[in-house]
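A.B. asks: what follows is a predicted structure for the sequence shown.
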Amino acid sequence: MDNLSFIRDTMERATSFTAVPGWGGVAMGVTALAVAGLAAMQPSRAAWLQVWLAEAVLAAVIGAFAMARKARRAEGSMLSRPARRFLLSYAPPIAVGALLTLVLYRGGLGRALPGTWLLLYGTGVVTGGAFSVRVVPVMGLCFMALGTVTIIAPESWGNWMLALGFGVLHILFGVIIARRHGG
């Protein structure tokens, strides 16, 4: 029994987390593109922020649902060691992004939010992607590169850079993941 436990534990450690949802990423990208258009029409920075925060919640729900569905279809578990490592690596940069959103907005630095969000989301995807398929950390690096450009770009580009990142990049990489790694 000890040998079987050791073998199972070793195999689980060697396995990558493959429940990253391709079609879920596409859905998140589509909602982000719609939200970018809606956010651009907002009369104030506060209203703009509320629209994007609502999108963040919606995207998290879509992503969690799609990830759980993909794991179930593959007869995997969201509580497996690779899944836990993915989530424990992904979550800290996302939590920091949430905290910095509050700090930057209260400090009158709302213009820094788009770049900060893209950079930290990309960081989470890269770190979580270390336990996933190869294309996932590449996607994270693309988010980080876009975040870097956004930080130095004119403030007026921020909303459209979010559309490019959370919309177009999610759709592009979502299709790649879905085709190569099963939905």
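C.D. replies: Structure received. If you're wondering where the values come from, they're calculated on a predicted model, not measured in any experiment.

A.B. asks: quick one: pLDDT of residue 53?
C.D. replies: Residue 53 carries a pLDDT value of 97.

A.B. asks: likewise for residue 148?
C.D. replies: Reported pLDDT for residue 148: 97.

A.B. asks: got the CA positions of stretch 144-158 in PDB?
C.D. replies: Only the C-alpha atoms of stretch 144-158 are listed here, as PDB (Å, rounded to 0.1, in the frame of the first residue of the first chain):
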ATOM      1  CA  MET A 144       2.600  41.300 -18.800                       C
ATOM      2  CA  ALA A 145       4.000  42.800 -22.000                       C
ATOM      3  CA  LEU A 146       0.700  44.600 -22.700                       C
ATOM      4  CA  GLY A 147       0.600  45.800 -19.100                       C
ATOM      5  CA  THR A 148       4.100  47.300 -19.400                       C
ATOM      6  CA  VAL A 149       3.000  49.100 -22.600                       C
ATOM      7  CA  THR A 150      -0.100  50.300 -20.900                       C
ATOM      8  CA  ILE A 151       1.800  51.700 -17.900                       C
ATOM      9  CA  ILE A 152       3.800  54.000 -20.200                       C
ATOM     10  CA  ALA A 153       1.100  54.700 -22.800                       C
ATOM     11  CA  PRO A 154      -1.200  57.700 -22.600                       C
ATOM     12  CA  GLU A 155      -4.000  57.500 -20.100                       C
ATOM     13  CA  SER A 156      -6.600  57.600 -22.800                       C
ATOM     14  CA  TRP A 157      -5.400  54.200 -24.100                       C
ATOM     15  CA  GLY A 158      -6.100  52.400 -20.800                       C
END
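
A.B. asks: contacting residues around that stretch?
C.D. replies: The contact list for stretch 144-158 (C-beta atoms under 8 Å, 6 or more residues apart in numbering) reads 111-123, 126, 161, 164-165, 169. Bear in mind the C-beta positions are built from the backbone N, C-alpha and C, glycine included.

A.B. asks: list only buried entries from these.
C.D. replies: 112-123, 126, 161, 164-165, 169 (16 or more other C-beta atoms under 10 Å).

A.B. asks: following the helix or strand of the chain with the lowest mean pLDDT, which helix or strand shows up next?
C.D. replies: The helix or strand of the chain with the poorest confidence is helix 2-14; it has a mean of 52 (mean pLDDT, DSSP states H and E). Next along the chain after helix 2-14, taking DSSP states H and E as the criterion, comes helix 22-40.

A.B. asks: tell me what the helix or strand following that following helix is packed against?
C.D. replies: Along the chain past helix 22-40, the next helix or strand (assigned with DSSP H and E) turns out to be helix 45-73. The contact analysis (3 or more C-beta pairs under 8 Å, 6 or more residues apart in numbering; DSSP states H and E) places helix 45-73 against helix 22-40, helix 81-106.

A.B. asks: which residue packs closest to residue 97, ignoring adjacent ones?
C.D. replies: residue 120 (3.8 Å; C-beta to C-beta, 6 or more residues apart in numbering).
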